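Peer 1: missing the sequence, but the structure's below:
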């Protein structure tokens, strides 16, 4: 526990923030358990528990004591908690509890729908979630469109039309890069990547890599889930998840490097501020910049594989006849795929543009839930040139909507863009770049800790980007990175 | 959710009981996570969460609204919740929170002490826990000795002197049976039990057996822990744990059958009464009767192995040359061992007599914490004829004290005694006994569901025993069972 600072606390506010923090982290633990280990029939009771906890957190966050305590906080935490208080007080308690219970049940229905490839199992839940999202947006208020109000939950200070303008400014070039990359990749052999990948060997490599990047396993772990994620259950408890393919070790490894990026950010936050915004990540667009940094800028680089390829060859003997020069292009090969989380860097953002468009249309009432599969497949074909073979590989592939996470997807592309910009800035530090060239990525982590992690939510995402790199989110380094990686 | 009955509810009391139930089951989930998966450094925050939840449960259970709501309950739930209310109101809030946090930290310290074989790591925690236990006993009040007040937490209606009298009435005969069984066993070959037992093969057999006994895996699961246990996280969520030995599949299998016995009891309770005592197990002495029933009366019987031995031989090929007639005596062999959870039926209760004696002495202030290892080893030598090779295999072997569970151990021997008495009564039903002889144990489960499980806590343990078997806890069937199994 940190010492009370000059104006960070009064006693009551400290107790309140502590209580909210204990309840939120308990709720996160129940959520994690539901995703990882909980037996199928436990979901109804779990939904009640989560609804109760969310309801109680909401009650505390909207109390008079909370409002009165705001004045005792330092300016950054005061700003963030006032914002949170204002948003929370705009939502009726009943809506908060209904929201939590609806999304618990929707997650289970989504999982079943995905297994059965049956959109109709999920559709009534999505309808309810959309209805709740619209009511929430109305309560919160918005400038241009309901999407603004939801986006604000994930990306402090962002406006939908600015994000749309950013995407519009690069969508043509992204599509061109993707097409050129896919075309150029068609001659790169990749079959050798696929070969026996025993679970234990995959887990060994994943753990060794995550640890070497700086992930502290005395404060975290990796479990197996259908949909990989990272969640924080306490100031020293960061949980990553991954999934495994029988014959493709690289899929799980890059997944783990991605989640490790999220985890390193969480482990780099000031633990003593766990009950304050200054101890929490600032936005999803910044969070994703960290996951993409370790997955792509590190994980698909030559220095990384110069260091790790011998170990991979040891664990997966089918690689032993393959040179690093053959291997490296294979893990940087671009191909159109139906599944976002398996997409390569060159085509990834096309998946986001699709979701961003559909979400806005759903929220604006321009698209009906029942029409989602058709709209998905049609838009998908325009972007990728083929149709997903079923809804499980189409509109049912992502967990986000089932969690009520409408407005979330846009932050993935923001993350990609931020990622390249931060990597470029970090590489200007000669200590970072010379170590990087030798396969030592700890100075890069130190740079991120200093320029991003330790700031928690004390700065707005765009101010944080400006302070760290000299400018707000700027797509130029990202496009440059994609061109240099894929267009030769 | 069940319908409000004629006098089971008023609205406020229903809400209160629901809230307590949600908080308790959330707390159980956090506890389970700490035992199974939580990273080492997460313990400090987890302790705070648990202390907070226990504190809040205590606050609700001692509220005026709770007291006022008691009158609206049916007689059995009213009796149990009034008892709980009275005990809870006797404890100050501060003590409850300190108790929870102390035991969370003590569990982690015990685990470390056990690993390092270093009693001094655990000793200061045990001192604190004892101090808290004494203060609690003083608050609760007791007739003869502080142990009474603690025992009441686990065994409704039991008195220490009655339990002591029961144990005194059989201790000589138990020691004689143990000695004769160990002597007779010395010529039984057992080495063939030990052989390659791959984790996956062990897990396969454990799951198949647990499922065939009636455990519903859509409402439960099995994980791995240092100390096996069973806990219930919701009305359809029962978690068992076990541990695995590399070369001894039987150790984990019998452990799983034991925990499955607990789990079947939990799954047999009325789910719609989850928020009421009528939906919860009545006592540990009854709980242990169920675990020992499936572990020993079923799991070490000839009909069980006539059914399962071929499958075990398939999974563990080193058994393939061994006949059932050679195998069966081996899993019923008696030997003095240092470890309680590995003890056979014939010697098990000696472990309990030792702990019961030391606990009473600790609580009465007749034994100092620092002297526990010496006292343990001395008493142990008297009972077993040798000394444990270290404290990890001596006074540090059990988790119970670290959880603050003083007064708990006596219920194990009560469970053994109840187990034989219930088994004998059930076997009088020709449907149960004829199915049993054919390796079909579901009628036995149905008998337990009807006579034990479905009653929840509506009857006192001794009244439940009397209703089910015709008499209160009676050691005769247990001694008869041990003699017939071990003295030939």
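Peer 2: Yep, that arrived. Every value quoted in this text rests on a predicted model; they were computed, and no experiment measured them.

Peer 1: distance of the residue located most distally from the centre of chain A relative to residue A:205?
Peer 2: Computed with Cα atoms, centre = their mean, the residue of chain A farthest from its C-alpha average is residue A:321, at 36.0 Å. Using Cβ to Cβ, to the nearest Å, residue A:321 is found at 19 Å from residue A:205. Using the backbone N, CA and C atoms, a C-beta is placed for each residue, glycine as well.

Peer 1: how near is the closest residue to residue A:270 other than its chain neighbours to residue A:220?
Peer 2: Residue nearest to residue A:270 in three dimensions, not counting chain neighbours: residue A:279, with 5.1 Å by Cβ to Cβ, 6 or more residues apart in numbering or on different chains. Using Cβ to Cβ, one gets 16 Å for the distance from residue A:279 to residue A:220.

Peer 1: who has more neighbours out of those two?
Peer 2: Using other Cβ atoms under 10 Å in any protein chain shown, the more surrounded residue of residue A:279 and residue A:220 is residue A:220, with 24 against 19.

Peer 1: ok, now how distant is the more buried one from residue B:32?
Peer 2: 18 Å.

Peer 1: and if you look at residue A:451?
Peer 2: Distance from residue A:451 to residue B:32, by Cβ to Cβ: 39 Å.

Peer 1: one more: residue A:176?
Peer 2: 52 Å.

Peer 1: of these two, who's got more company?
Peer 2: residue B:32 (23 against 12).

Peer 1: is it true that that one touches residue B:232?
Peer 2: No - the pair residue B:32 / residue B:232 is not scored as a contact, 9.5 Å apart, by Cβ atoms under 8 Å.

Peer 1: who touches both of those two?
Peer 2: residue B:239 (Cβ atoms under 8 Å, 6 or more residues apart in numbering or on different chains).

Peer 1: mind checking the SS state of residue A:321?
Peer 2: Using DSSP: H, G, I helix; E, B strand; the rest coil, the structure places residue A:321 in coil.

Peer 1: can you list phi and psi of residue A:394 for me?
Peer 2: phi -120, psi -120 (degrees, to the nearest 10).

Peer 1: what does residue A:238 give?
Peer 2: Dihedral angles for residue A:238 - degrees, to the nearest 10 - are phi -110, psi 120.

Peer 1: how many other residues sit next to it?
Peer 2: Residues contacting residue A:238 under the criterion other Cβ under 10 Å number 27.

Peer 1: and residue A:222, which of the three is it?
Peer 2: strand.

Peer 1: scratch that, residue A:232
Peer 2: Secondary structure of residue A:232, per three-state DSSP, is strand.

Peer 1: pLDDT score assigned to it?
Peer 2: At residue A:232, the model reports a pLDDT of 98.

Peer 1: likewise residue A:12?
Peer 2: Residue A:12 is given a pLDDT of 87.

Peer 1: and what of residue A:227?
Peer 2: Confidence score, pLDDT, at residue A:227: 83.

Peer 1: can you check residue A:281 too?
Peer 2: For residue A:281, the predicted pLDDT is 98.

Peer 1: which SS state does it fall under?
Peer 2: Relying on three-state DSSP, one would call residue A:281 coil.

Peer 1: tell me who's in contact with it.
Peer 2: Counted by Cβ under 8 Å, 6+ apart, residue A:281 has contacts A:265-266, A:269, A:287, A:456-457.

Peer 1: you'd agree residue A:232 is up against residue A:266?
Peer 2: Yes - applying Cβ under 8 Å, one finds residue A:232 in contact with residue A:266, separated by 4.8 Å.

Peer 1: residues that sit against both of these two, list them.
Peer 2: With Cβ under 8 Å, 6+ apart as the test, residue A:232 and residue A:266 both reach residue A:238.

Peer 1: give me the buried positions along the helix or strand bottoming out on mean pLDDT in chain A.
Peer 2: The least trusted helix or strand in chain A, going by mean pLDDT, DSSP states H and E, turns out to be helix A:93-116, with a mean of 91. For helix A:93-116, a neighbour-count test (16 or more other Cβ atoms under 10 Å in any protein chain shown) marks A:95-111, A:113-114 as buried.

Peer 1: could I get the buried residue list for the very next helix or strand once past that helix?
Peer 2: Per DSSP states H and E, the first helix or strand lying C-terminal to helix A:93-116 is helix A:119-140. Across helix A:119-140, burial judged by 16+ other Cβ under 10 Å covers A:119, A:121-123, A:125-126, A:128-130, A:132-137, A:140.
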